[in-house]
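1. here's my sequence, what's the structure:
(one chain, ligands or ions: 1)
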Amino acid sequence: MLMETSERPMEAGSSAPLCVAITGASGALGQALLRAWHRRGARLIALTSSSNPLEVLDAAGQPIAMEQLSWQVGAERELAAALMAVDVLVLNHGVNVHGQRSTEATSLSLEVNALSSWRLLELFAELHAHRPASRPKAEVWVNTSEAEIEPAFSPLYEISKRLMGQLLSLRALDLAPTLRIRRLVLGPFRSALNTVGLMGPQFVADQILRQAEFGLNLIVVTPNPLVYVLMPLTTLGRWLYFRLLTRA
Ligand SMILES: NC(=O)c1ccc[n+]([C@@H]2O[C@H](COP(=O)([O-])OP(=O)(O)OC[C@H]3O[C@@H](n4cnc5c(N)ncnc54)[C@H](OP(=O)(O)O)[C@@H]3O)[C@@H](O)[C@H]2O)c1
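-> Here you go, the predicted model:
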C-alpha cells in the first residue's frame, strides 16, 4: 500500500519500508519516479545501464539516498541476488531508434523495449514465487507506452512496445497469482527519448503513483482521451483471446 505522505509506506505486518528498484533510472521518468517514491519513504535501487554515478535531488535540492546497480540487456540474471530484496520492480528502460530499420536497430529495439523486460519479469516472478506471507505481494510495473495501440511515428518503437504489451498480457495469465502486475500506458512527455513531449516527467511520475494508490493495475497517463477507452478494451480482448487459445 502506498501513502501520499512523507511517512514510510509500511509493509503489511512489518515496519520495513518498501524496496523499489527502477530500470532506466538515469532517464527522465526514471529520475522522476525515484523522486516520487523517495517522497513516500521507499528504499530505492537505481538500476542503470550507465556506469556514471547517478545523483537525483529531492525538492529541497538534497541528494536522494539510493543504491545504484549497473546492469546490461542480456545479463538480467546477474541482478537475481539484488532483486530478491525488492518489493516493487519498475521496468522503465526504453529506447527509440526513430526512423531507423537496420538489423542493428531492430535488434536493439526488440532487446531493450521488449525482451529484456520480459526476461526481468520472468526472473522476478521466479525469485518471488514463494514469498513469506509477512511480506506484501511482489509487484512489477511495466512501462509499455500508448505506442501499444497508437502511432508513435517510429515503427520499431511501436513494434517493440506492442510486443512487450502482448507478452505481458499473455504471461500475466500465469504470473498474476505470484505477482501484482501493473501496466503503465503513458502519453508523450519530455525526455531524451522524446524532446517534444507535452507532459513533464515529474507530473507523469506523480500521476503513476497516485493511480497505483487508487489500486489500479492499468495506469494510463496521457492527454489523449481515446487511450482511456481503447486500452482497457484492448487488454480485455487480449485476455479473452489468450485465455481461450493457450494453456498454462
Ligand atoms: N518520453 C515519452 O514520451 C514516453 C512516452 C511513453 C512511454 N515512454 C517510456 O518511458 C520509459 C522512460 O523513457 P524516458 O522518456 O524517460 O526516456 P529517457 O530519458 O531516454 O530514459 C530511458 C532510459 O532507458 C535506459 N536505456 C536506454 N537504452 C538502454 C539500453 N540499451 N539498455 C538498458 N537501458 C537503456 C537509459 O537509462 P540508464 O542509462 O539508467 O540505463 C535511459 O536513460 C521508456 O520505456 C519509454 O519508452 C516514454
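
2. next, count neighbours for Leu173.
-> A count of nearby residues for Leu173, using other Cβ atoms under 10 Å, gives 15. Every C-beta, even on glycine, is put in place using the N, C-alpha and C of the backbone.

3. which SSE is it in?
-> Counting by DSSP states H and E, the element that carries Leu173 is helix 155-175.

4. same thing with Leu44?
-> Per DSSP H and E: strand 43-48 holds Leu44.

5. mind listing the strands for the protein?
-> Ranges of strands in the chain, per DSSP state E, are 19-23, 43-48, 67-70, 88-91, 139-143, 180-186, 218-221.

6. dump these to TSV, plus mean neighbour count and distance to the ligand.
-> Shown next, in TSV, are the strands of the chain (neighbours: other Cβ atoms under 10 Å; distance: least, Cβ to the nearest ligand atom, whole Å):
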stretch	mean neighbour count	distance to the ligand
strand 19-23	26	7
strand 43-48	22	3
strand 67-70	15	8
strand 88-91	25	8
strand 139-143	23	4
strand 180-186	22	4
strand 218-221	20	9
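
7. correct me if wrong: Ala129 contacts Thr178.
-> Yes. Counting by Cβ atoms under 8 Å, Ala129 does reach Thr178; the two are 5.4 Å apart.

8. and the end-to-end length of stretch 46-59?
-> 18 Å (Cα to Cα, to the nearest Å).

9. contacting residues around that stretch?
-> 21-26, 30-31, 34-35, 38-39, 63-64, 66-73, 79, 93 (Cβ atoms under 8 Å, 6 or more residues apart in numbering).

10. tell me the buried residues in that stretch?
-> Neighbour-count burial for stretch 46-59 flags Ala46, Leu47, Thr48, Ser49, Leu54, Val56 (criterion: 16 or more other Cβ atoms under 10 Å).

11. how much space between the second one and Val90?
-> Going from Leu47 to Val90 by Cβ to Cβ, to the nearest Å gives 9 Å.
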